[in-house]
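**Q** Sharing a sequence plus its predicted fold:
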Amino acid sequence: MLTKVYGSAVFGVDATTITIEVNVDKGVGYHLVGLPDNAIKESSYRIAAALQNNGYKIPGKKLILNMSPADLRKEGSAYDLSLAIGILIATEQIKGDEVDKYVIMGELSLDGGLQPIKGALPIAIKAREEGFKGFILPAQNAKEAAIVDGLEVYGVENISEVIQFFDKDVPLEATVIDTRAEFYKSLEHPEFDFADVKGQESIKRCMEIAAAGGHNIILIGPPGSGKTMLSKRLPSILPPMSLREALETTKIHSVVGRVKDNQGLMSERPFRSPHHTISDVALVGGGAYPQPGEISLSHNGVLFLDELPEFKRSVLEVMRQPLEDREVTISRARFTVTYPSSFMLVASMNPSPGGYFNDPDAPVTSSPAEMQRYLSKISGPLLDRIDIHIEVTPVPFEKLSDETKAESSADIRKRVTAARELQVDRFRESEKTNYNAQMNVKQIRKYCALDDASKDLLKTAMERLNLSARAYDRILKVARTIADLEASKVVTGTHISEAIQYRSLDRDGWLG
């Protein structure tokens, strides 16, 4: 008897439906074909134990199991449940009249219990697109898959529940969630709040501008000046994610199995802070079977690189193209995968190897040559892609001991959100541009038009600081954001002059 059961394979952030054909013939043997990896090849042992412990068995007949399309590489243990159900139906141990209406995925334990899988959300999206009635998967992934409307999602704990569902028509309980309610309920008070930060008003202003326009920012200052503390609080002032952004973000985290058990839609913007020993593949994604890297896991959120010069130069250089294109393409001989990577880069660094400015009273001093050598670990083209450079100075005792409550993240977020709303309206006709940092050259010329006085001011700055054409565009983008925070329709000289101040690393003698 020949039986067909349907599963799914995830490539990039999209799924492909896999047809599992099980044929029973005379003879003895278990033959699994269709480019399975070792995890799938080992499934026969898990399936045999799971079936035996639930009153069934793999009969002593010749079984041929084909995973179609046969030229597509399959990987992972998530096909255990699909293969087991196919074997039971093909050997007529259970009925399977409606099995072709469902996508079935799950990793089996030896007692028949189900372990969570990766990529439940993209699989559910593909199942709905292809007209399947339902999706049967481990209970831990049910909420994640139930985000998709128009698809019956059944979370199960044990293979026996699936067997009873097909063989004896025992109904399974569908998982239903209100996607919008689930999304808005999680927008609670942030864990890190700017109200905890004493002093540093100018840095908070920079953070507000960066958040309002989605600009990349680098903080330069000695140890203990508050760089990491400020960076961790940046997500708390970013505008709430839209429903579309939340779906995109959840989809990427689903592919690598980073969605928490029993969690549906991700509503908080991701904040990723990889260690400086990270490899270039781990940062941008890749591997024999390409997986998203840290820059894609930061999509619609913040990527924080602490102690930027400590990262290997090769690691930093691979970020150039994703920072510009807001996506990363990984090519292999047989296929190409593209991951979205629209993130805010927040970096911090000490001004020298010793950690302090060129100050004779500092605990550890470094010569100007040592400072320059330390800074040269970061290439000019990478710094050009960072819109805002700002120096962070230590907070004096008077500010630290001040009992006055600082402005909260909620208050700052209101201004940031108002500025973002102006940008959303401005770029309504553009598919790829949502905020100022994403503007292309044509949009910069259109929305950042300057009067003669502002042009002269910018020309003087360009000549004195020897700025590149890319830095010129960055200044205009930041000035446009400053204008948006003031609800100004035009970019003035005041906005330009403030934006120029945020190019510390372009100034000669910035090391003091």
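**A** Perfect, I can see it now. Numbering: from 1, shown residues only.
**Q** going forward, measure contacts between C-alpha atoms and count neighbours the same way
**A** OK.
**Q** show me the contacts for Ala418.
**A** Each residue near Ala418 by Cα atoms under 8 Å, 6 or more residues apart in numbering is listed here: Leu485.
**Q** again, only using 6 Å
**A** Ala418 makes no contacts at all, as judged by Cα atoms under 6 Å, 6 or more residues apart in numbering.
**Q** which SS state does it fall under?
**A** helix (DSSP: H, G, I helix; E, B strand; the rest coil).
**Q** Give me the buried positions along the host helix or strand of Tyr339.
**A** Tyr339 belongs to strand 336-340 when assigned by DSSP states H and E. Across strand 336-340, burial judged by 16 or more other Cα atoms under 10 Å covers 337-340.
**Q** mind showing which ranges of the chain have poor pLDDT?
**A** By pLDDT under 70, the low-scoring segments of the chain are 182-190, 261-262, 354-365, 506-512.
**Q** Pick out the residue closest to the middle of it.
**A** Leu297 (2.4 Å; Cα atoms, centre = their mean).
**Q** how about the helices of the stretch 201-350 of the chain, start to end?
**A** Under the criterion DSSP state H, counting those that start in this stretch, helices of the stretch 201-350 of the chain are mapped to 201-213, 227-232, 243-255, 280-284, 294-297, 313-317, 320-325.
**Q** buried stuff in the third one?
**A** Along helix 243-255, the positions that meet the burial threshold by neighbour count (16+ other Cα under 10 Å) are 243, 245-255.
**Q** next one: stretch 431-449
**A** 433-439, 443-444, 447-449.
**Q** any chance of these in JSON lines, plus secondary structure and distance to Arg46?
**A** Below are the buried residues of stretch 431-449 laid out as JSON lines (DSSP: H, G, I helix; E, B strand; the rest coil; distance: Cα to Cα, whole Å):
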{"residue": "Thr433", "secondary structure": "coil", "distance to Arg46": "49"}
{"residue": "Asn434", "secondary structure": "coil", "distance to Arg46": "48"}
{"residue": "Tyr435", "secondary structure": "coil", "distance to Arg46": "50"}
{"residue": "Asn436", "secondary structure": "helix", "distance to Arg46": "53"}
{"residue": "Ala437", "secondary structure": "helix", "distance to Arg46": "51"}
{"residue": "Gln438", "secondary structure": "helix", "distance to Arg46": "49"}
{"residue": "Met439", "secondary structure": "coil", "distance to Arg46": "53"}
{"residue": "Gln443", "secondary structure": "helix", "distance to Arg46": "58"}
{"residue": "Ile444", "secondary structure": "helix", "distance to Arg46": "59"}
{"residue": "Tyr447", "secondary structure": "helix", "distance to Arg46": "61"}
{"residue": "Cys448", "secondary structure": "coil", "distance to Arg46": "63"}
{"residue": "Ala449", "secondary structure": "coil", "distance to Arg46": "66"}
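**Q** Report the two of those separated the most.
**A** The span of the buried residues of stretch 431-449, defined through Cα to Cα, is set by Asn434 and Ala449 at 19.1 Å.
**Q** Report the contact partners of Leu283.
**A** By Cα under 6 Å, 6+ apart, the neighbours of Leu283 are 293-294.
**Q** One more pass at 7 Å, please.
**A** Shown in contact with Leu283 (Cα atoms under 7 Å, 6 or more residues apart in numbering): 293-295.
**Q** top of the residues you listed by neighbour count?
**A** Counting by other Cα atoms under 10 Å, Ile295 has the largest number of neighbours within the contacts of Leu283, with 30 neighbours.
**Q** Look through the protein and tell me its longest strand.
**A** Counting residues, the longest strand in the chain under DSSP state E turns out to be strand 14-25.
**Q** I'd like to know which elements that one is packed against.
**A** Judged by 3 or more Cα pairs under 7 Å, 6 or more residues apart in numbering; DSSP states H and E, the packing partners of strand 14-25 are strand 2-11, strand 62-68, helix 80-90, helix 120-129.
**Q** and the gap between Ile444 and Asn216?
**A** 17 Å (Cα to Cα, to the nearest Å).
**Q** what's the answer for Gln443, then?
**A** Distance from Gln443 to Asn216, by Cα to Cα: 19 Å.
**Q** Would you mark the buried spots in stretch 134-148?
**A** 134-148.
**Q** out of those, which are inside helices?
**A** Among the buried residues of stretch 134-148, the members falling in helices (DSSP state H) are 142-145.
**Q** What is the burial count for the spatially closest residue to Lys26 that is not a sequence neighbour?
**A** Nearest residue to Lys26 in three dimensions, chain neighbours excluded: Lys62, at 5.8 Å (Cα to Cα, 6 or more residues apart in numbering). Each residue near Lys62 was counted by other Cα under 10 Å, and the total is 15.
**Q** what sits against Lys62?
**A** 24-30.
**Q** Narrow the residues you listed to those that are buried.
**A** Buried residues within the contacts of Lys62, counting neighbours by 16+ other Cα under 10 Å: Val24.
**Q** Among the contacts of Lys62, which one sits closest to Val13?
**A** Nearest to Val13 among the contacts of Lys62 is Tyr30, at 32.4 Å by Cα to Cα.
**Q** Touching, Asn53 and Asp111? I think so.
**A** Yes. At 5.8 Å, Asn53 counts as touching Asp111 under the criterion of Cα atoms under 7 Å.
**Q** how many neighbours does the closest residue to Ile87 other than its chain neighbours have?
**A** Excluding the flanking residues, the one nearest Ile87 by Cα to Cα, 6+ apart is Val22, at 6.4 Å. Neighbourhood size, Val22 [other Cα under 10 Å]: 26.
**Q** Ser341 too?
**A** Counted with other Cα under 10 Å, Ser341 comes out at 25.
**Q** I'd like the distance between it and Gly301.
**A** Counting by Cα to Cα, the gap from Ser341 to Gly301 is 9 Å.
**Q** can you check Gly27 too?
**A** Relative to Gly301, and taking Cα to Cα, Gly27 is found at 57 Å.
**Q** Could you do Leu83 as well?
**A** In terms of Cα to Cα, Leu83 sits 38 Å off from Gly301.
**Q** One more: Pro69?
**A** In terms of Cα to Cα, Pro69 sits 36 Å off from Gly301.
**Q** So between those two, which is more surrounded?
**A** Legend: neighbour count by other Cα under 10 Å for Pro69 and Gly301, higher for Gly301 (26 against 15).
**Q** okay but the more buried one is in contact with Ser267, surely?
**A** No. Gly301 is beyond contact range of Ser267, at 10.9 Å (criterion: Cα under 7 Å).
**Q** quick check, distance from stretch 344-353 to the centre of its chain.
**A** 21 Å (Cα atoms, centre = their mean, to the nearest Å).
**Q** And stretch 27-39, by the same measure?
**A** On the basis of Cα atoms, centre = their mean, stretch 27-39 is displaced by 35 Å from the centre of the chain it belongs to.
**Q** what does it contact?
**A** Against stretch 27-39 from outside (Cα under 7 Å, 6+ apart): 60-68, 70-77.
**Q** Now the buried members of those.
**A** For the contacts of stretch 27-39, a burial check counting by 16+ other Cα under 10 Å picks out 63-68, 74-77.
**Q** As JSON lines, the residues you listed with distance to Gln321 would be great.
**A** Shown next, in JSON lines, are the buried ones among the contacts of stretch 27-39 (distance: Cα to Cα, whole Å):
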{"residue": "Leu63", "distance to Gln321": "49"}
{"residue": "Ile64", "distance to Gln321": "46"}
{"residue": "Leu65", "distance to Gln321": "43"}
{"residue": "Asn66", "distance to Gln321": "40"}
{"residue": "Met67", "distance to Gln321": "37"}
{"residue": "Ser68", "distance to Gln321": "36"}
{"residue": "Lys74", "distance to Gln321": "30"}
{"residue": "Glu75", "distance to Gln321": "29"}
{"residue": "Gly76", "distance to Gln321": "31"}
{"residue": "Ser77", "distance to Gln321": "34"}
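**Q** No more questions from me, cheers.
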